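Trainee: What follows is a predicted structure for the sequence shown.
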Protein chains: 4
Amino acid sequence: VRARDIGIAPGLFAPGPLNAITDVGDIRVGQVTRIEGADVRTGVTAILPHGGNLFQDKVPAGVVVANGFGKFAGTTQVAELGEVETPIVLTNTLNVAQAIDGIVDWTLRQPGNESVRSVNAVAGETNDGHLNAIRKRAITRADVVAAIEGARSGPVAEGSVGAGTGTMAFGWKGGIGTSSRVLPPALGGYRVGVLVQTNYGGTLVMDGLPVGRALGRYYLKDHGERTAADGSIILVVATDAPLGDRNLTRLAHRAIAGLARTGSAFSNGSGDYAIAFSTAAEVRRTPARRARVAAYPELSNDAVSPLFVAAAEAAEEAIYNSLLMATTIERQATAEAPAARGEALDIAAVRALVARH
Amino acid sequence: VRARDIGIAPGLFAPGPLNAITDVGDIRVGQVTRIEGADVRTGVTAILPHGGNLFQDKVPAGVVVANGFGKFAGTTQVAELGEVETPIVLTNTLNVAQAIDGIVDWTLRQPGNESVRSVNAVAGETNDGHLNAIRKRAITRADVVAAIEGARSGPVAEGSVGAGTGTMAFGWKGGIGTSSRVLPPALGGYRVGVLVQTNYGGTLVMDGLPVGRALGRYYLKDHGERTAADGSIILVVATDAPLGDRNLTRLAHRAIAGLARTGSAFSNGSGDYAIAFSTAAEVRRTPARRARVAAYPELSNDAVSPLFVAAAEAAEEAIYNSLLMATTIERQATAEAPAARGEALDIAAVRALVARH
Amino acid sequence: VRARDIGIAPGLFAPGPLNAITDVGDIRVGQVTRIEGADVRTGVTAILPHGGNLFQDKVPAGVVVANGFGKFAGTTQVAELGEVETPIVLTNTLNVAQAIDGIVDWTLRQPGNESVRSVNAVAGETNDGHLNAIRKRAITRADVVAAIEGARSGPVAEGSVGAGTGTMAFGWKGGIGTSSRVLPPALGGYRVGVLVQTNYGGTLVMDGLPVGRALGRYYLKDHGERTAADGSIILVVATDAPLGDRNLTRLAHRAIAGLARTGSAFSNGSGDYAIAFSTAAEVRRTPARRARVAAYPELSNDAVSPLFVAAAEAAEEAIYNSLLMATTIERQATAEAPAARGEALDIAAVRALVARH
Amino acid sequence: VRARDIGIAPGLFAPGPLNAITDVGDIRVGQVTRIEGADVRTGVTAILPHGGNLFQDKVPAGVVVANGFGKFAGTTQVAELGEVETPIVLTNTLNVAQAIDGIVDWTLRQPGNESVRSVNAVAGETNDGHLNAIRKRAITRADVVAAIEGARSGPVAEGSVGAGTGTMAFGWKGGIGTSSRVLPPALGGYRVGVLVQTNYGGTLVMDGLPVGRALGRYYLKDHGERTAADGSIILVVATDAPLGDRNLTRLAHRAIAGLARTGSAFSNGSGDYAIAFSTAAEVRRTPARRARVAAYPELSNDAVSPLFVAAAEAAEEAIYNSLLMATTIERQATAEAPAARGEALDIAAVRALVARH
């Protein structure tokens, strides 16, 4: 189930029709899930900011590093130029090379990109090494290209799929989650969507409910130090509001606030990144606009705050969806590693907690 | 009352004996409260990292700008050199000049500083202009020096005092708050303390309880856009763990996570800053150590996570204390401005909410 | 003399009519020089981005910290909001408080600012404590207001004036300098101007000429370690090109490249800051534009490089002008400090070097 | 020839015995050069901070993004944790994926790394697409591993080799260059070494000599806008001084100052990065030290300035070496692209310029 189905609906604003990042503009999402043999449990999730030529028609963007223990590729160029020019691809920690390779490969092959010689691939990762034989580096360039080419509008598969196939969150099975918000007309009517790959720890709180404590599973329980809190999260934030790159960076920051509300420990080993972009056609950086001077509409600093609230809310709910939609994943024992089990969150228990409060 | 007195005790770790920043090392706090005439409602709060010569015996430190709509002084040198060399002074937005002036004046006059010609004053602010005739710039250099010279160990006055005299938070009276945590011996036994000046908005949540929603007072209620969410917060974080400046910067980041959990909107106009320092004697940058090469003990990256959790918890509780300890402050009508009232949070109502959950 | 008068004309582009920052838009500069008694040798320099209400009609801006051993005020808000809303004031290290106070005071008093309650004062400094009794903190709020109110278009006084009255550079007398560049029409015809307050050290090179080595005065001469390299520089960069805040930040970075070419040691104790803003009317953030969505023209990333070159060139020449226009300043012996002499660079010797190469 | 052979010896300090980055500690450099067929002209350069297990015995490090139009991998983790745990690999823009893949592959296979599941590969690049058929992505994982495994102490091949095989600088053939400096005993006797991959543009100046102008080849000549200035540089800086990560970051900044002195245009399209690390055994982050608290000696802020000067000097000379040691490289015409020629700098002309000044 999704969070809202069991009464967990954080925040003030209503979700969009799909309650997904694909509610925003023309965003497409594609996923490849690799569950094979005893211990391959991993995948790829690709987010395409729009359906056109992403390299030619770049989108303004900003990126935030909340805790940089991670291998997120492409941050320095996003920050310097304020734009994204490729799909955003998520995968596991040791397959970032393949993610970049697939993005580059696909970009070079797009019609119109025949003379492109520089591509800033944006690729995030979290470490699914508990359930996945990560050292095998199972993801290939072809998987990445398949995820990109399979990207579609519409509902987004959540839970133990794509880049979330093998991830863990708060000691339970994590995964891919998404959510969206629509501002009321008086505040501009803009949309904000978030997609997350959850693989971090702490003490799970769901819209104020102390789930981790109630279920007896949380970081530093009995004050034992475990690495269970490590692991990372990537948050991809989209809006159709005409924001410039600076305010998109600020919007990405607010997704981190949503993360904090879920009880993240923000531990040393957690690579926590957020990236935000605008799908508004009028801020897209087309070749014509990039030629010299172009006029870009921009929502003013004074008017962005409701979007900030929406980004935090959608991030929070996307995280809950990633947990509630995840299914149990098991890794079998091999010569290299013992069996492991990523147990889905006990939905009945969460329902009971919701009912009690 | 303080949060813990009514059953609001966020997090895993126990507080220190005073549940205050003064539980850490030899920290001293001094405050000057200016409530005068119809509309002066402001003050100064000074935090001294230790009782010695702060300029000569600098403390390692890091600073984080969560949202830079603020006038916090001293950030660039703290970041470049990784140290604080003065008291940290908080006041109102339009009196930062006087705060700097007081810090510089006091520092130049300390024995041993006779040839000092450069002082990096660290001064934070929030905007108390709703309850205080801020354009009068009532705070003087003398007030700042008085706060510094009056700094003492022991319990810290909270609520509508010092730099929190005229501040508002979540639509109620905000102010100064503090809290601390002690790690269990197995995790090093270190202490973390936080002191906050609260003046921001959003939708108040107290350890998961939806106070703002329940009491019908929150940012964007009825989706009306109000500036009520603006205003800022300063978080001062201290630890006696031997952290270097990089990990202190990371520790400051985690105080922002605690802020997020209280329901902050992180709105455009909110200047949200955190600064962290270590009181450990062995990392203090004395003249002898600064002469050439010195060996500094440092807690490793791998071991800092429990401190991160403690900083977030203490920040969260310090904020609750600032609200629960605040008393109602009124500004009388004048030719320049109408009357205004900063109403204390209804503690009975909060108690009722606590009881119900 | 100015650099160009003796054949030192770095770079490719021609200067504007005044070869000064006032060649750009409607910029005004005002200075107050305080040479009094035995040992007051200091001052104030104020740069006004335009002649209107600076607080209401903000200019897009970016700031760069090349080495943060300094007390530059206002950086975090400039970075967060991408704008400057006050005059930019330069003075000595221990009078930053007075600079802020004067800026705030003047801003609050401007017609139209009657309800302003928050002002982000931008104030830079360098340490003139070698020639000036800096601990006296001679600069007053009134001096700062006088510099702002005295700001004028037209030629800018250089050398030992204003905030450069008591500064030293490369072991000689430094001070205020300025220069400008005009891009050819094919590159947009834009202008770039720079004003500097020089007070740093290293090994002076003038457009490739090894002045410091030739005249036997440079940092680490005979490998003795001296603090002579410390001291700082502030570079103020202006352009009339329609740049957004991100590209203005990048433009400010390029002024640091010009600084590097002069032989700066970028020593630990040198606080090196650059701030850039655009005077283009169409990017000015007026109340109407700030109300909600406004269209701002923006020169694209692909087209900014010639401006980058111009900023580096103008910064380099502004520095040379600050040295060549500076006159010898002496401080008399007092009970507190011995006599000191800030000797003007030997122009005849420089001319001879120019002639030889 | 190397710069020093023809009288170009920038700065104050003497080089080390090899005048190469390998003068510092136990650094090893390995290179693979791929010159094949009509149009493959590229390669790999790997720098190993020491000869032990790099992942287990991490080195403190800092990274600087002078202009982020680049795909440098690993920056966020270096900044967050202050350390490098792999070889630093340089290659061409479209082969960063293969660089990461090779680094990860090699790291996972090292004895002692059997349970490593997270590797922060540090890989820099510049765009050799003028001379190299970059879209072929000729570099393989095996090339990268070969460069790492072939790394040796001793002299370093310069010019058109390794990652510099196909690069251009200032319109001439660029490539790999290196240089070092030794501080005199009174300043600590520390060493600083720099290795560069040059592929950028501007107006070449060699220790003050206007080579670009004299030879009539420079960016914006005749004010025509060309992309010739684009292309990037990576600077790798090493020292055996016991610096912490913050001061290593500052050291990396100073290499950018050396870059500025060579006449770099710092154009929009130039990805300019510097990374610095310390080889001092006593600051190496070994498993034992990373277990909890360890004492690290650290050169104080007040004592780092001579190292800053040395880093700028060595960077400058490394760049000259990359140009002077480069040999002409030609690409033959193919169906995809016309023939191109990267002509070596005319050494006789440079000698003549040196002689004249």
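Mentor: Yep, that arrived. The structure displayed is predicted, hence computed values, not measured ones. Numbering: from 1, shown residues only, chains lettered A, B, ... in the order given.

Trainee: any idea how far A:Pro87 is from the spatially closest residue to A:Val64 that is not a sequence neighbour?
Mentor: Spatial nearest neighbour of A:Val64, chain neighbours left out: A:Ala252 (4.2 Å); criterion: CB to CB, 6 or more residues apart in numbering or on different chains. No exception for glycine: its C-beta is placed from N, CA and C like everyone else's. The gap separating A:Ala252 from A:Pro87 is 17 Å, by CB to CB, to the nearest Å.

Trainee: where does the stretch 1-150 of chain A dip in pLDDT?
Mentor: For the stretch 1-150 of chain A, applying pLDDT under 70 flags no range at all.

Trainee: residues in it within reach of chain B, list them.
Mentor: Selection of the stretch 1-150 of chain A residues close to chain B by CB under 8 Å from any CB of the partner chain yields A:Leu12, A:Ala66, A:Asn67.

Trainee: Can you show me the CA trace of stretch A:235-247 as CSV?
Mentor: C-alpha atoms of stretch A:235-247 as CSV (Å, rounded to 0.1, in the frame of the first residue of the first chain):
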residue,chain,number,x,y,z
LEU,A,235,16.1,12.6,-3.7
VAL,A,236,15.1,13.8,-7.1
VAL,A,237,12.8,16.9,-7.0
ALA,A,238,10.9,18.4,-10.0
THR,A,239,8.7,21.4,-10.3
ASP,A,240,6.9,23.0,-13.2
ALA,A,241,7.3,26.4,-11.6
PRO,A,242,9.7,28.7,-13.5
LEU,A,243,12.6,28.6,-11.1
GLY,A,244,16.1,29.6,-11.8
ASP,A,245,19.0,27.4,-10.8
ARG,A,246,19.6,29.2,-7.5
ASN,A,247,16.1,28.7,-6.3
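
Trainee: For A:Ala79, grab the count of nearby residues.
Mentor: 18 (other CB atoms under 10 Å in any protein chain shown).

Trainee: Any chance of the backbone angles for it?
Mentor: Dihedral angles phi and psi of A:Ala79 (degrees, to the nearest 10) take the values phi -70, psi -40.

Trainee: I'd assumed A:Val63 was in contact with it.
Mentor: Yes: counting by CB atoms under 8 Å, A:Ala79 does reach A:Val63; the two are 6.1 Å apart.

Trainee: what is in contact with the two at once?
Mentor: The contact sets of A:Ala79 and A:Val63 overlap at A:Thr249 (CB atoms under 8 Å, 6 or more residues apart in numbering or on different chains).

Trainee: Around chain B, pick out the residues from the stretch 151-300 of chain A.
Mentor: A:183-184, A:186-187, A:202-203, A:205, A:208-210, A:218-220, A:223-225, A:229, A:250, A:253-254, A:256-261, A:264-269.

Trainee: Tell me, what's the model's pLDDT at A:Gly231?
Mentor: Listed pLDDT for A:Gly231 reads 81.

Trainee: That one - nearest residue in space that isn't next to it in sequence?
Mentor: A:Gly231's closest residue in space is A:Asn199 (CB to CB, 6+ apart), at 4.1 Å.

Trainee: Show me where the stretch 201-350 of chain A has its helices.
Mentor: A:211-215, A:245-261, A:287-290, A:305-324, A:347-356 (DSSP state H, counting those that start in this stretch).

Trainee: Pipe the ones you listed into JSON lines and attach mean neighbour count and mean pLDDT per row.
Mentor: Putting the helices of the stretch 201-350 of chain A into JSON lines (neighbours: other CB atoms under 10 Å in any protein chain shown; pLDDT from 0 to 100) gives the following:
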{"stretch": "helix A:211-215", "mean neighbour count": "19", "mean pLDDT": "96"}
{"stretch": "helix A:245-261", "mean neighbour count": "27", "mean pLDDT": "98"}
{"stretch": "helix A:287-290", "mean neighbour count": "14", "mean pLDDT": "97"}
{"stretch": "helix A:305-324", "mean neighbour count": "30", "mean pLDDT": "98"}
{"stretch": "helix A:347-356", "mean neighbour count": "14", "mean pLDDT": "96"}
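
Trainee: Go through those and name the closest to A:Thr334.
Mentor: Of all the helices of the stretch 201-350 of chain A, it is helix A:305-324 that lies closest to A:Thr334, at 27.0 Å by CB to CB.

Trainee: Can you give me the neighbour number for A:Gly189?
Mentor: The number of residues packed near A:Gly189 is 11, by other CB under 10 Å.

Trainee: Quick one: classify it as helix, strand or coil.
Mentor: Secondary structure, DSSP: H, G, I helix; E, B strand; the rest coil: A:Gly189 is coil.

Trainee: Report the contact partners of the closest residue to it other than its chain neighbours.
Mentor: With CB to CB, 6+ apart as the criterion, A:Gly189 has its nearest non-adjacent residue at 5.8 Å, and that residue is A:Leu183. The contact partners of A:Leu183, by CB under 8 Å, 6+ apart, come to A:Phe13, A:Gly189, A:Tyr190, A:Arg191, A:Val192, A:Pro306, A:Leu307, A:Ala310, B:His223.

Trainee: mind running it again at 6 Å?
Mentor: A:Gly189, A:Tyr190, A:Pro306 (CB atoms under 6 Å, 6 or more residues apart in numbering or on different chains).

Trainee: now, among those, which is nearest to chain C?
Mentor: Within the contacts of A:Leu183, the smallest distance to chain C is 10.4 Å, found for A:Tyr190 (CB to the nearest CB).

Trainee: Kindly list the main-chain dihedrals of the closest one?
Mentor: Dihedral pair for A:Tyr190: phi -70, psi 160, per degrees, to the nearest 10.
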